[in-house]
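**Student:** Predicted structure and sequence below. I'll ask about it afterward.
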Amino acid sequence: MNLDLRKIIGAGLFMMIFLTFSRAGSESSSVNLKVSIRLFASTEINRIEIETPDRMDYQVFTDGGKSFILPGGTKTRFSCGSQGVEMTRDAQTIQAERITISEKKEKGSYLYISSDKTERRLYSGSLSINRMPGKDSLKIIHFCRIGDLVDQLLLSEFSKTDNPEALKAVSVAIRTYIYYNKGRHKDEGCDFCDTTHCQAFKGWNNDDIPYVESIRSLLAKILAPSRDLILIYNDKVIEGYYSACCGGKLATPEIIWGGLSDFPYRNIKSPFCTESRFYRWERELNRADFAAIFGLPAADMKIKLARNETDLDFVKGVTLSGGRNNLELTVVDFRRKIAESAGWNKVLSHSFWVEVIADKVIFRGNGFGHSIGLCEACAYEMGTRGYNWKNILDYFYFPAELTPVAKLSVKYQRPVDTQYN
């Protein structure tokens, strides 16, 4: 079955839900453990609309102690109000500092969420909505079972179900990343954001619930052998880094971010992703637009790349000059500033070269992402060539070992803040 999933692509209760990481009932599976994700983290959202599908009721709680049912088949608007959050439904308005929307059923419920700046997306789980301090924007935290989150990230990150061995390998990398990085955004009151700073997350990537249900059923069968397994090294969970395409060269955290890891990631050539559309890429920006991002005059602007001493394929820093201005940036800051103005689809990795021609700034590079750990494009090709999922994981993460989540006896650590895809 070959499905391209790019097309699918109060207060007491709140405290009970918020940042929950305890077991549901007596089950020992990590499928029912929950994490929290800030939705629409890269955009200031002033208003959202939540639609509950038919026959899927939700419970609403306010910090003032009010509680009522949000019936299936209805739409409700949430916006910034004088007291925090304003909820409007059927010409009735309720205001509260925080509103929590909780599943009535533990499993099988969905929510459609659309905003003033995004199209409708399908999620499953619970929500907390409050107003950002000092801002006219909403803060939306989504609570999701890890099992559902792994499946949804597979849809966002990997997007195909025709390669079971690769899917199993990628699911282990995703689950490992979740366990290691839980609490990465604890200062914002959640575990993760929904951007590539953590893992790209857009819910179920499709608004057709029956189709999503069929995919969930399919993934349950495919992922059964790898379910609840993560990677450890020296009795500690590893970071579980992975990226879309390494461009033919695996890197280490030291090469990419200048940081250290307790795990020996590989810095080798990897021959499996040559068919990926990101293996080699070229992007361009208008010269004046590029100059404006960094406050430089376009006429005499110059760009100089400092390559990493350990591996010259990767950029370490960027020096920009023009007029009397001279900027020295790390490659992380350089890519981030471009992304904030022009998107992450301009400079796709840390392995790139740049050329200024007439009115254009041209970037040519290798790979998509940081190239550390598992390469999704390589994993897909390896699965096609007959490698099983454990072979694939060994290729990228040896000598890490697979272990069930239930056997964990380690404390989770937060990584360095400057790590970005």
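**Tutor:** Yep, it's here.
**Student:** quick one: the helices in the stretch 251-400 of the chain?
**Tutor:** For the stretch 251-400 of the chain, the helices defined by DSSP state H, counting those that start in this stretch cover 253-257, 287-293, 331-342, 376-384, 389-397.
**Student:** now the stretch 101-250 of the chain
**Tutor:** Using DSSP H, counting those that start in this stretch, helices in the stretch 101-250 of the chain cover 146-153, 164-181, 209-222.
**Student:** Can you add distance to residue 340 and mean neighbour count and give these back as a markdown table?
**Tutor:** To be clear about C-beta, it is placed using only N, CA and C from the backbone, and glycine gets the same treatment. Listed next are the helices of the stretch 101-250 of the chain as a markdown table, based on distance: least, CB to CB, whole Å; neighbours: other CB atoms under 10 Å:
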| stretch | distance to residue 340 | mean neighbour count |
| --- | --- | --- |
| helix 146-153 | 23 | 23 |
| helix 164-181 | 22 | 25 |
| helix 209-222 | 32 | 15 |
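**Student:** Mind checking these for the one nearest to residue 74?
**Tutor:** helix 209-222 (15.9 Å; CB to CB).
**Student:** helices or strands next to that closest one in the packing?
**Tutor:** helix 146-153, helix 164-181 (3 or more CB pairs under 8 Å, 6 or more residues apart in numbering; DSSP states H and E).
**Student:** tell me the phi and psi of the nearest residue to residue 44 once chain neighbours are set aside?
**Tutor:** Distance criterion CB to CB, 6 or more residues apart in numbering; nearest residue to residue 44, sequence neighbours excluded, is residue 137 at 4.1 Å. Here is the backbone geometry of residue 137 (degrees, to the nearest 10): phi -150, psi 160.
**Student:** Quickly, which of the helices and strands packed on helix 209-222 bottoms out on average pLDDT?
**Tutor:** Lowest mean pLDDT within the helices and strands packed on helix 209-222: helix 146-153, at a mean of 92.
**Student:** now that helix and helix 209-222, what's the angle there?
**Tutor:** Interaxial angle, helix 146-153 versus helix 209-222 (axes from the mean of the first three to the mean of the last three CA atoms, to 10 degrees): 110 degrees.
**Student:** quick revisit: nearest approach to residue 396 belongs to which of the helices and strands packed on helix 209-222?
**Tutor:** Closest to residue 396 of the helices and strands packed on helix 209-222, according to CB to CB: helix 164-181, at 7.9 Å.
**Student:** re earlier: Serialize the helices and strands packed on helix 209-222 to TSV and add fields for distance to residue 260.
**Tutor:** Formatted as TSV, the helices and strands packed on helix 209-222 follow (distance: least, CB to CB, whole Å):
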stretch	distance to residue 260
helix 146-153	26
helix 164-181	15
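**Student:** Tell me which of these lies nearest to residue 232.
**Tutor:** Nearest to residue 232, of those and by CB to CB, is helix 164-181 at 8.4 Å.
**Student:** who does the closest one touch, helix- and strand-wise?
**Tutor:** In this structure, helix 164-181 packs against helix 146-153, helix 209-222, strand 229-233, strand 236-237, strand 242-243, strand 374-375, helix 376-384, helix 389-397, with contacts taken as 3+ CB pairs under 8 Å, 6+ apart.
**Student:** Measure how buried the closest residue in space to residue 385 that isn't next to it in sequence is and give me the count.
**Tutor:** Nearest residue to residue 385, sequence neighbours excluded (CB to CB, 6+ apart): residue 272, at 7.9 Å. Neighbourhood size, residue 272 [other CB atoms under 10 Å]: 22.
**Student:** hmm, back to that, dump the helices and strands packed on helix 164-181 to TSV, plus distance to residue 364.
**Tutor:** Compiled in TSV, these are given as follows (distance: least, CB to CB, whole Å):
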stretch	distance to residue 364
helix 146-153	29
helix 209-222	36
strand 229-233	34
strand 236-237	37
strand 242-243	18
strand 374-375	19
helix 376-384	18
helix 389-397	26
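**Student:** Ok, which of the helices and strands packed on helix 209-222 comes nearest residue 285?
**Tutor:** helix 146-153 (29.6 Å).
**Student:** hey, C-alpha coordinates of the closest one in CSV?
**Tutor:** C-alpha atoms of helix 146-153 as CSV (Å, rounded to 0.1, in the frame of the first residue of the first chain):
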residue,chain,number,x,y,z
ILE,A,146,3.3,10.1,22.9
GLY,A,147,2.0,7.3,20.8
ASP,A,148,-0.2,9.7,18.8
LEU,A,149,2.6,12.2,18.6
VAL,A,150,5.1,9.7,17.1
ASP,A,151,2.5,8.8,14.4
GLN,A,152,1.8,12.4,13.6
LEU,A,153,5.5,13.3,13.4
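**Student:** Which other helices and strands does that helix contact?
**Tutor:** Using 3+ CB pairs under 8 Å, 6+ apart, helix 146-153 is in contact with strand 34-39, helix 164-181, helix 209-222.
**Student:** Can you get me the start-to-end distance on stretch 42-53?
**Tutor:** One end of stretch 42-53 sits 27 Å from the other (CA to CA, to the nearest Å).
**Student:** Name the residues that touch it?
**Tutor:** 58, 70-80, 101, 110-118, 120, 127, 129, 132, 135-138, 140, 193, 195, 209 (CB atoms under 8 Å, 6 or more residues apart in numbering).
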